[in-house]
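>>> Give the three-dimensional model of this entry:
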Amino acid sequence: MRNCFVLLLALLSGVSLPAGAAPPPADAARTLDLVRAWVHGRYSNQAQFESDLAHKLPPEQIHRQLHQFFAPLATAIPGIEGYLVYQHASVDGSFSPPSLIRIGLLQYFTDPQTGKLVQRELNFRDGERWKNVYQQPELLQQVRMSDFEVKPGCDFVLSANAEGTEVSGVMQERACTLYSEGLKTMLYARDAVVIRPDEYQFWGQFVDDSGAVRWGTESSEYYRMFRESGAP
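Numbers count the residues shown, from 1 in each chain. Prediction:
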């Protein structure tokens with residue numbers, strides 16, 4: 001992200017799936033099939049950013065320019081269940097280690113209680129060590145759940161629409177929290193995702209007790225990131 005902007009997404013809990021879990025329900029399996037087909041490659045919200053500037057929106061309404069990369073893992077990681085996708089963001093769209101930020105994994109699994117597909121974000125504690133780890137199979141096999149910072153309440157519960165053209169989900173209200181040392185107050189994530197064949201959207205706001213946005217863009221329009229290409 002430019003202008004020292006760092007995209008903050010929720011940190012998620014590290015609950016693993018029970019051994020010998022039953023096959024996923026039809027809804028979850030169908031949703032996962034779409035995620036597998038759609039979540040990959042390089043994304044950017046360049047068009048949205050330029051549109052905001054062209055419309056001369058106030059600074060707090062402008063969606064900052066973002067670059068995101070998703071790479072499905074070719075091999076399983078011991079002790080981490082589900083379908084795993086490596087992700088990172090960068091300030092300029094490059095894959096140069098000095099430019100990379102927010103390195104982690106997306107973990108997709110079926111909630112055994114609800115039968116719904118869950119998207120959980122696992123962010124590495126030591127991002128420097130794991131930059132571009134998707135290209136290093138031997139290092140990837142060393143990853144353990146203890147390498148991630150975990151926090152409950154920040155999952156997205158996903159469902160596909162009837163037409164099979166969109167997957168979407170929301171974060172439970174006031175469940176994902178962050179205490180701001182600077183503001184001396186608790187903040188609550190207000191977030192949702194929308195996934196389409198060539199697009200990944202999210203809201204990415206943190207609000208205070210009054211509902212005022214204290215982190216993120218003060219806009220009701222989600223960040224709209226379009227796929228630019230596949231792997232580098």
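>>> By residue count, which helix of this protein is the longest?
Criterion DSSP state H: the longest helix present in the chain is helix 26-38.
>>> Which strands and helices lie in contact with it?
strand 83-90, strand 100-110, strand 117-124, strand 156-160, strand 167-171, strand 192-196 (3 or more Cβ pairs under 8 Å, 6 or more residues apart in numbering; DSSP states H and E). Backbone N, C-alpha and C define where each C-beta goes, glycine included.
>>> Poorly predicted segments of this structure, please.
The chain contains residues with pLDDT under 70 at 1-24.
>>> Name the residue most distant from the centre of it?
Centroid-distance maximum for the chain: residue 56 at 28.4 Å, with Cα atoms, centre = their mean.
>>> rewinding a little: pull out the buried positions in the longest helix of the chain.
For helix 26-38, a neighbour-count test (16 or more other Cβ atoms under 10 Å) marks 27-28, 31-32, 34-35, 38 as buried.
>>> Please apply the same query to stretch 190-203.
Buried positions in stretch 190-203, judged by neighbour count with 16+ other Cβ under 10 Å: 190-191, 193-196, 200-203.
>>> check which helix or strand covers residue 162.
Under the criterion DSSP states H and E, no helix or strand holds residue 162.
>>> Same question for the one 3 residues further on.
With the criterion set as DSSP H and E, no secondary-structure element contains residue 165; it sits in neither a helix nor a strand.
>>> so who does it touch?
Going by Cβ atoms under 8 Å, 6 or more residues apart in numbering, residue 165 touches 196-197.
>>> how close does it sit to residue 59?
34 Å (Cβ to Cβ, to the nearest Å).
>>> next one: residue 89
Going from residue 89 to residue 59 by Cβ to Cβ gives 21 Å.
>>> who has more neighbours, those two?
Per other Cβ atoms under 10 Å, whichever of residue 89 and residue 59 has more neighbours is residue 89, with 21 against 9.
>>> quick one on the thing from earlier: phi, psi for the residue farthest from the centre of the chain please.
Backbone torsions for residue 56, taken as degrees, to the nearest 10, come to phi 50, psi 50.
>>> Who does the residue positioned nearest the centre of the chain form a beta bridge with?
Centre of the chain computed as the mean C-alpha position; nearest residue by Cα atoms, centre = their mean is residue 121, 5.7 Å away. For residue 121, the beta-bridge partners are residue 106 (DSSP bridges).
>>> That one is in contact with residue 102, isn't it?
No. In this structure residue 121 lies outside contact range of residue 102 using Cβ atoms under 8 Å: 9.2 Å.
>>> What are the buried residues along stretch 87-94?
Neighbour counts using 16+ other Cβ under 10 Å place 87-91, 93 of stretch 87-94 among the buried residues.
>>> go on, stretch 128-147?
Here stretch 128-147 shows 130-134, 140, 143, 147 as buried, counting by 16+ other Cβ under 10 Å.
>>> Looking at these, which are in helices?
130, 140.
>>> Any idea how many residues pack against residue 174?
Counted with other Cβ under 10 Å, residue 174 comes out at 13.
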